[in-house]
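**Student:** Model the structure of this input:
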Amino acid sequence: MINPNLETVTLDKEEIERYSRHIILPEVGLEGQKKLKAASVVCIGTGGLGSPLLLYLAAAGIGHIGIVDFDVVDSSNLQRQIIHSTSWVGKLKIESAKNRILEINPTCQVDLYKNRLSSENAIEILKPYDVVVDGTDNFPTRYLINDACVLLNKPNVYGSIFRFEGQATVFNYKGGPNYRDLFPEPPPPGMVPSCAEGGVLGVLPGIIGTIQATETIKIILGSNNTLSGRLLLYNAWDMTFRELRLRRNPNLPAIDKLIDYEEFCSIPHGSIVKPKDNTMIPEITVQDLKKLMDLESGSFVLIDVRNINEYEIAYISGSVLIPLTSIEDGTKIPQIKNLIKNKRLIVHCKMGGRSIKALKTLEKFDIIGTNLKGGINAWSQEVDTSIPQY
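**Tutor:** Numbers count the residues shown, from 1 in each chain. A predicted model of the protein is given here:
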């Protein structure tokens with residue numbers, strides 16, 4: 001429970017009017033609103049989850065908010081990252097978020113950290129805050145946030161989203177479970193696609209992010225009925241909620257320091273990806289592929305393993321669409337063998353993750369190929385800018 005010193009916290013006439021709908025709630029009251037004003041919350045990420053939760057935390061009267069992000073606003077963010085607007089495209093997300101927060105709550109103190117959270121800076125950044133909110137989208141940072149919160153004894157309000165599904169819970173609160181109790185080990189690299197590759201319904205992070213904001217407010221108010229020990233699962237397509245119980249795992253090693261989380265999650269460094277069977281998957285840059293197209297167009301086959309919806313948005317001329325699912329189930333293996341007779345195989349997807357998975361699967365059928373580094377995204381950025389980014 002957070003126990004701020006409320007003796008020096010006051011609410012003026014304008015604040016009492018502004019937060020009157022809170023104050024008349026018996027569970028909040030004047031003291032509760034003072035707790036919100038005295039509280040400090042840090043949010044890592046100002047994307048799909050960070051956008052709604054920051055808006056609602058500011059509107060609720062949180063007095064001190066920290067924001068950690070190093071990214072800039074992209075037009076593809078605007079479908080779901082509602083704290084940003086078109087006028088902020090190309091500018092820092094943290095600056096965009098601060099601008100919007102102060103429009104909602106001019107008295108809020110907003111601290112900005114234009115950093116990638118790391119093992120070197122996490123303790124220093126998170127230590128001054130009462131509650132940590134995880135709005136990130138990758139496993140290394142989630143483990144880092146979790147371990148830092150355990151070392152600092154701070155609650156970690158967690159959420160994640162993918163396609164139509166989301167989940168939320170509270171970690172490391174009042175002796176409750178932490179992220180490692182849910183995921184003792186990270187999944188293999190590439191096993192879980194990112195939202196950039198798999199897509200996400202725009203309103204989904206609004207729902208999960210708002211749940212995170214709700215839990216944050218409840219923690220500050222001292223509620224004994226948070227999501228600690230409970231994992232809330234939401235499916236927007238089916239419009240269903242489910243709940244799973246979470247418990248501490250006494251057999252897990254104690255968390256006593258921060259580690260190299262990229263290494264822990266087996267995120268590859270450099271341009272060569274090393275699968276579990278210790279073979280090496282070579283990569284080709286988009287510039288070298290362009291040279292091949294110009295000089296030796298008949299010497300290779302370029303297979304696109306994205307889905308049909310993505311192919312309709314953008315494609316590399318001359319590529320053959322064979323979705324990853326039809327490679328993994330084996331149905332397109334004969335077609336691929338026929339296509340690559342006496343030719344080099346090059347495989348691509350959006351950014352490179354799914355094409356690596358495809359090549360690992362093809363190796364089982366004695367088909368060896370090369371991965372296009374950066375996928376069609378890199379092709380659009382560096383070779384043919386007329387191809388849309390998505």
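
**Student:** Which parts of the stretch 101-250 of the chain are helices?
**Tutor:** Counting by DSSP state H, counting those that start in this stretch, the stretch 101-250 of the chain has helices at residues 122-126, 139-152, 179-182, 195-198, 204-221.

**Student:** Show me the one of these that comes nearest residue 341.
**Tutor:** With respect to residue 341, and counting by CB to CB, the nearest of the helices of the stretch 101-250 of the chain is helix 195-198 at 30.2 Å. All C-beta spots, glycine's among them, are computed from the backbone N, C-alpha and C.

**Student:** Please report the distance of the closest residue to residue 324 other than its chain neighbours from residue 250.
**Tutor:** In this structure, residue 324 finds its nearest non-sequential neighbour in residue 305, 4.4 Å apart by CB to CB, 6 or more residues apart in numbering. Separation of residue 305 from residue 250 (CB to CB, to the nearest Å) stands at 43 Å.

**Student:** returning to that earlier point: for residue 236, which of the helices of the stretch 101-250 of the chain is the nearest?
**Tutor:** Among these, helix 204-221 comes nearest to residue 236, with 5.1 Å by CB to CB.

**Student:** tell me the strands in this structure, going along the chain?
**Tutor:** Secondary structure of the chain (DSSP state E): strands at 40-44, 64-68, 109-113, 131-134, 156-162, 165-171, 230-235, 240-245, 283-284, 300-304, 320-321, 344-348, 370-372.

**Student:** In TSV: those, plus distance to residue 335.
**Tutor:** Formatted as TSV, the strands of the chain follow (distance: least, CB to CB, whole Å):
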stretch	distance to residue 335
strand 40-44	44
strand 64-68	47
strand 109-113	50
strand 131-134	43
strand 156-162	30
strand 165-171	32
strand 230-235	34
strand 240-245	38
strand 283-284	22
strand 300-304	10
strand 320-321	9
strand 344-348	12
strand 370-372	19
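
**Student:** For residue 369, give me phi and psi.
**Tutor:** Dihedral angles of residue 369 (phi, psi; degrees, to the nearest 10) stand at phi -140, psi -180.

**Student:** Can you report how many residues neighbour it?
**Tutor:** 21 (other CB atoms under 10 Å).

**Student:** Could you do residue 237 as well?
**Tutor:** Neighbours of residue 237 under the rule other CB under 10 Å: 10.

**Student:** surely it meets residue 200?
**Tutor:** No: in this structure, residue 237 is not within contact of residue 200 by CB atoms under 8 Å, at 11.9 Å.

**Student:** quick revisit: and of the helices of the stretch 101-250 of the chain, who's closest to residue 374?
**Tutor:** Residue 374 sits nearest to helix 195-198 of all those, at 12.3 Å, using CB to CB.

**Student:** before we move on, back to that, dump the strands of the chain to JSON lines, plus distance to residue 141 and mean pLDDT.
**Tutor:** Listed next are the strands of the chain as JSON lines, based on distance: least, CB to CB, whole Å; pLDDT from 0 to 100:
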{"stretch": "strand 40-44", "distance to residue 141": "7", "mean pLDDT": "98"}
{"stretch": "strand 64-68", "distance to residue 141": "10", "mean pLDDT": "98"}
{"stretch": "strand 109-113", "distance to residue 141": "13", "mean pLDDT": "98"}
{"stretch": "strand 131-134", "distance to residue 141": "8", "mean pLDDT": "98"}
{"stretch": "strand 156-162", "distance to residue 141": "11", "mean pLDDT": "97"}
{"stretch": "strand 165-171", "distance to residue 141": "14", "mean pLDDT": "97"}
{"stretch": "strand 230-235", "distance to residue 141": "19", "mean pLDDT": "98"}
{"stretch": "strand 240-245", "distance to residue 141": "23", "mean pLDDT": "97"}
{"stretch": "strand 283-284", "distance to residue 141": "25", "mean pLDDT": "96"}
{"stretch": "strand 300-304", "distance to residue 141": "30", "mean pLDDT": "97"}
{"stretch": "strand 320-321", "distance to residue 141": "33", "mean pLDDT": "97"}
{"stretch": "strand 344-348", "distance to residue 141": "27", "mean pLDDT": "97"}
{"stretch": "strand 370-372", "distance to residue 141": "25", "mean pLDDT": "97"}
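
**Student:** Sweet, I'm off.
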